[in-house]
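Colleague: got a sequence here, can you build the structure:
(one chain, ligands or ions: 1)
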Amino acid sequence: MTNSTSPDQRAAELRDQLHLYSHQYYVLDQPLVPDAEYDRLFRELQAIEAEHPELRSPDSPTQRVGGEPLSAFKTVRHEIPMLSLDNAFSEDELRDFDRRVRSRLADEQSFHYACEPKLDGIAASLLYVDGILVRGATRGDGQQGEDITENVRTVASVPLKLRGAGWPDELEVRGEIYLPRAGFEKINASAREAGNKLFVNPRNAAAGSLRQLDSRITASRPLEMCCYSIALRDDQQELVASHSEALEKLAQWGFLVSPLLKVVDDIDGCLAYYRDLLQQRDGLPYDIDGIVFKVDELAVQQTLGFVSRAPRWAIAHKFPAQEEMTTLKDVEFQVGRTGAVTPVAKLEPVFVGGVTVSNATLHNFDEIQRLGVMIGDQIIIRRAGDVIPQVVQVVEGKRPADARPILVPENCPVCDSPLEKPPGEAVLRCTGGLICGAQRREGIKHFASRKAMDIDGLGDKLVDQLVEAGLIETVADLFRLEASQLAELERMGQKSAENLVAALEKSKQTTLPRFLFALGIREVGEATARNLALHFTTLAALKSASEEALLAVTDVGPIVASHIHAFFAVAHNQEVIDALLAAGVHWPEIAQNVSAQPLAGQTWVLTGNLDRMTRSEAKEKLQALGAKVAGSVSAKTDCVAAGAAAGSKLKKAEELGVKVIDEEGLIAVLKQGGQL
Ligand code: 9MJ
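Modeller: The predicted structure follows:
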């Protein structure tokens, strides 16, 4: 703080800055400053407010962290009722809706449909007076809800103060509060670790988080709010002429609105949108349970009016459910690369989340206990996003008389070695190591995989075939395979056999990080492998490193260090490594000192098509020179390397004034760093 700035001026300045940064980060997904800078300013504001409590205002960003628990929620009456939506479960039902709409309108009354994803969360209302958030409420029964102002304040994408201009003195905005899938997985992962009860799905987790009387708990949950309407008072009807215009205004005032909104001409446009979003569904970062179609023009909405609690001008076209009930027929035990034994639920096949599912993970034995599940039970399966199907609940009261408990095996189902449960771990492990066929097989699959040795054409099924035919026992055996042997395998012709041999040959030229990752050392993922390679620069130096020396590597802690040390101490592993090197596996040398990392501390983004190499090769090379390679462009990006046909990232870089180079420029940088 400079002497000429008074505490209230500085507090106001900090509030404005923090509002801007959090809008950029949480609503626009375009961070302007590093997190550390935000935190610094936030703490400065907290300190001023602690010293001058009179400066603490309800719209201060410091109010997002939650406060003292309430004893109960107050009731809120919705001046304008909060509506629900009718559902359509098929194309026919959607077309019926469209016919009903048109039959109520005069022939010449033309209109459009606004299409948007239907978020699966909790509907909420936000009230702003003179641009400041003064109240947040749940929908309740549509007439009366609960006052959850303190909780809503903690939701980062809810503006505490409106941006821009032109908002009415009193503005009521409605939308959906939800938990993105990643936040849901994170909350459940920590609950699982702590042995606590899990949430069944993101919707329940969002509801549970908003129901907290202690807003500090709500603040710890990464909720978001996407807004989809303005509740227009009688004297505000002139504010906007259409739903899409209302959303545009909301975005200008700082609200998060769906970036997927689209206005179409007719019901065929709606159906095309539905099909398109159904395709995209698994890749979205949040759960959606359908599409909402709304007549866009507010004048036409008024003509149509309401029936009971739902508008006649809108409908929710539902997607296939992401949760279904089915029977648990049996439980099998799968042994992974590291010997971890995973219980897998064998199900009566069930259509869920758009596919037929007959297996689901049960994670581990603690999970089985937590769920209290028995063979024969009716269970609820959830399949959402790219996550493998999960068993989330047992349907109590539907347990058949002949239900059987799931017994914890004592021996490995594959090699019969004893299983052990290391203290403090939830997983059961096979002690067979490489004696165990399952561990060997999974290890070979990992070795061949794209981010490891990247052996083109050597997929999981083929590895199973090779092991079963007795052609390979270790990864080193792969390089002794001959086309004539391979051609004899089922579903393998001479040509594919030759291709595989060529792919094996090609894979021999690799990098040290890839090679280390491919070895499948426990807890050594891609990032750790890269850190190890850059730190030790040679395999020989890594192999002879003590646990203490390993601890000096970025992100390597005592557990990882002990796994690495133990790996190289096993004679068999040493033999396999020697055999791989003898077979001709090799990599370019890594420069000896870290100052050979000319891009250390820089963030790069790759976009467009490169001619000379794939984007992932370019990424690896940039990382070898010390750069961090990010997926999106922000003000923090140091350089964007744009190949041919680069699109939005290039545009954004230009808008933000970030340095852009073409492929030739990239090649020059890589050559200079010794990567080409
Ligand atoms: C959801 N859940 O995403 C509405 N909704 O409109 C959207 N819900 C809605 N609109 C009127 N996008 C009542 C409910």
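Colleague: quick check: bridge partners of the closest residue to the ligand within the stretch 51-200 of the chain?
Modeller: Closest residue of the stretch 51-200 of the chain to the ligand, Cβ to the nearest ligand atom: residue 119 (3.8 Å). C-betas here are computed from N, CA, C, even on glycine. Beta-bridge pairing for residue 119 (DSSP bridges): residue 288.
Colleague: quick check: the residue of the stretch 351-500 of the chain nearest the ligand.
Modeller: Closest point on the stretch 351-500 of the chain to the ligand, by Cβ to the nearest ligand atom, is residue 384, at 16.0 Å.
Colleague: spatially central residue for the chain, please.
Modeller: residue 182 (4.1 Å; Cα atoms, centre = their mean).
Colleague: which residue is the nearest non-sequential neighbour of residue 675?
Modeller: residue 621 (4.0 Å; Cβ to Cβ, 6 or more residues apart in numbering).
Colleague: measure that neighbour to residue 670 for me?
Modeller: 5 Å (Cβ to Cβ, to the nearest Å).
Colleague: which residues touch the residue nearest to the centre of the chain?
Modeller: Counting by Cβ atoms under 8 Å, 6 or more residues apart in numbering, residue 182 makes contact with 222, 285.
Colleague: residues contacting the closest residue to residue 412 other than its chain neighbours?
Modeller: In space, and not counting its chain neighbours, residue 412 is closest to residue 430: 4.0 Å by Cβ to Cβ, 6+ apart. Taking Cβ under 8 Å, 6+ apart, we find residue 430 in contact with 335, 339, 341, 412, 414-415, 417, 419, 436, 438-439.
Colleague: flag every residue of the stretch 151-300 of the chain that's near the ligand.
Modeller: Contact residues (Cβ under 6 Å from any ligand atom) of the stretch 151-300 of the chain with the ligand: 176, 228-229, 292.
Colleague: show me the residues you listed that map onto strands.
Modeller: 176, 228-229, 292 (DSSP state E).
Colleague: which strands or helices does whichever strand or helix holds residue 49 pack on?
Modeller: Using DSSP states H and E, residue 49 falls within helix 35-51. Identification of packing neighbours for helix 35-51 by 3 or more Cβ pairs under 8 Å, 6 or more residues apart in numbering; DSSP states H and E yields helix 7-22.
Colleague: and the contacts of residue 430 as TSV, adding neighbour count, secondary structure and distance to residue 123?
Modeller: Listed next are the contacts of residue 430 as TSV, based on neighbours: other Cβ atoms under 10 Å; DSSP: H, G, I helix; E, B strand; the rest coil; distance: Cβ to Cβ, whole Å:
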residue	neighbour count	secondary structure	distance to residue 123
335	25	strand	46
339	25	coil	47
341	22	strand	43
412	24	coil	50
414	20	coil	50
415	19	coil	54
417	18	coil	54
419	20	strand	48
436	21	coil	52
438	21	helix	48
439	25	helix	49
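Colleague: now, among those, which is nearest to residue 553?
Modeller: Using Cβ to Cβ, residue 339 is the member of the contacts of residue 430 that lies nearest residue 553, at 24.6 Å.
Colleague: my guess is the closest one meets residue 433, correct?
Modeller: Yes. The criterion here is Cβ atoms under 8 Å, and residue 339 meets it with residue 433 at 7.2 Å.
Colleague: from memory residue 125 sits against residue 142, does it?
Modeller: No. With contact defined as Cβ under 8 Å, residue 125 does not reach residue 142; the gap is 10.7 Å.
Colleague: anything in contact with each of those two?
Modeller: 78, 82.
Colleague: who has more neighbours, those two?
Modeller: Neighbours per residue (other Cβ atoms under 10 Å) separate residue 125 from residue 142, with residue 125 holding more: 24 against 15.
Colleague: after the host helix or strand of the more buried one, next one along is what?
Modeller: When secondary structure is defined by DSSP H and E, residue 125 falls within strand 122-129. Next along the chain after strand 122-129, taking DSSP H and E as the criterion, comes strand 132-138.
Colleague: before we move on, back to that, got a pLDDT number for the residue nearest to residue 412?
Modeller: In this model, residue 430 is scored at 95, pLDDT.
Colleague: next one: the one 4 residues further on
Modeller: Residue 434 carries a pLDDT value of 80.
Colleague: who's in contact with the nearest residue to it once chain neighbours are set aside?
Modeller: The shortest distance from residue 434 to any non-neighbouring residue, by Cβ to Cβ, 6+ apart, is to residue 440 (5.5 Å). By Cβ under 8 Å, 6+ apart, the residues touching residue 440 are 434, 467, 473-474.
Colleague: dump the helix or strand hosting residue 440 to PDB, keeping only the CA atoms.
Modeller: Secondary structure assignment for residue 440, by DSSP H and E: helix 437-448. This file holds the C-alpha atoms of helix 437-448, laid out as PDB (Å, rounded to 0.1, in the frame of the first residue of the first chain):
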ATOM      1  CA  GLY A 437       0.800 -64.300 -15.300                       C
ATOM      2  CA  ALA A 438      -1.700 -61.400 -14.900                       C
ATOM      3  CA  GLN A 439       0.900 -59.000 -13.600                       C
ATOM      4  CA  ARG A 440       3.300 -60.000 -16.400                       C
ATOM      5  CA  ARG A 441       0.600 -59.600 -19.000                       C
ATOM      6  CA  GLU A 442      -0.600 -56.200 -17.700                       C
ATOM      7  CA  GLY A 443       3.000 -55.100 -17.500                       C
ATOM      8  CA  ILE A 444       3.600 -55.900 -21.200                       C
ATOM      9  CA  LYS A 445       0.400 -54.100 -22.200                       C
ATOM     10  CA  HIS A 446       1.600 -51.000 -20.300                       C
ATOM     11  CA  PHE A 447       5.100 -51.300 -21.900                       C
ATOM     12  CA  ALA A 448       3.500 -51.300 -25.400                       C
END
